[in-house]
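> The following comprises the amino acid sequence and a computationally predicted model.
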Amino acid sequence: MTDRRLGVTVTHRRYVPYAHAHYAGDLVDGAYALGLFGDVATEVCIRTDGDEGLFASYSDVQFKAPMRAGDVLEVVATVTRVGTRSRTIDFEARVVCRGRPDRGASAAEVLDPPIVAVTATGTVVVPVAV
């Protein structure tokens, strides 16, 4: 019998404001994606277990491409393992839109295909079901 929580997927989208750029070229630090992973993991826990849960650990984080101010990020979380109190979740942050300052101060474009910027695997814990 397969657990109904296995395979649950939640997606968030977020515009990256220029106030979050810390480096030359309007680069955003990788921790920005980790914060978004925490947000989407919270919704996963609410949907699967009726509780916000707690983020326990990351077993893998890969920074694959830059994230920049002006990007629109799509953050996806998918439950890949269900234990008694723990859940393993795979995360992916994709750049789906990107600013194009070379075309004008407010120019931007939709990226097709999106750029995978960060991937991770994490573990959350939830209270024992009553």
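Here it is on my side, so go on.

> Going by C-alpha atoms from here, please, whenever you check contacts or count neighbours.
OK.

> For Ala129, give me the pLDDT.
With respect to pLDDT, Ala129 scores 72.

> Could you find the closest non-adjacent residue to it?
Once flanking residues are discounted, Ala129 sits nearest to Asp49: 7.8 Å by Cα to Cα, 6 or more residues apart in numbering.

> do the same with Arg68
With sequence-adjacent residues excluded and distances taken as Cα to Cα, 6+ apart, Arg68 is closest to Leu27, at 4.5 Å.

> Please report the distance of that neighbour from Cys97.
Using Cα to Cα, to the nearest Å, Leu27 is found at 15 Å from Cys97.

> quick one: the strands in this protein?
For the chain, the strands defined by DSSP state E cover 9-15, 54-63, 72-82, 86-99, 108-125.

> can I get those strands in TSV with mean pLDDT, distance to Asp3 and mean neighbour count?
Formatted as TSV, those follow (pLDDT from 0 to 100; distance: least, Cα to Cα, whole Å; neighbours: other Cα atoms under 10 Å):
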stretch	mean pLDDT	distance to Asp3	mean neighbour count
strand 9-15	98	14	16
strand 54-63	97	20	14
strand 72-82	97	7	21
strand 86-99	97	12	23
strand 108-125	98	16	17
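
> quick one on the thing from earlier: settle this for me: the residue nearest to Ala129 is touching Val126, isn't it.
Yes. Counting by Cα atoms under 8 Å, Asp49 sits close enough to Val126 to count as a contact (7.2 Å).

> Name the residue in these two with the higher neighbour count.
More crowded of Asp49 and Val126, by other Cα atoms under 10 Å: Val126, with 21 against 16.
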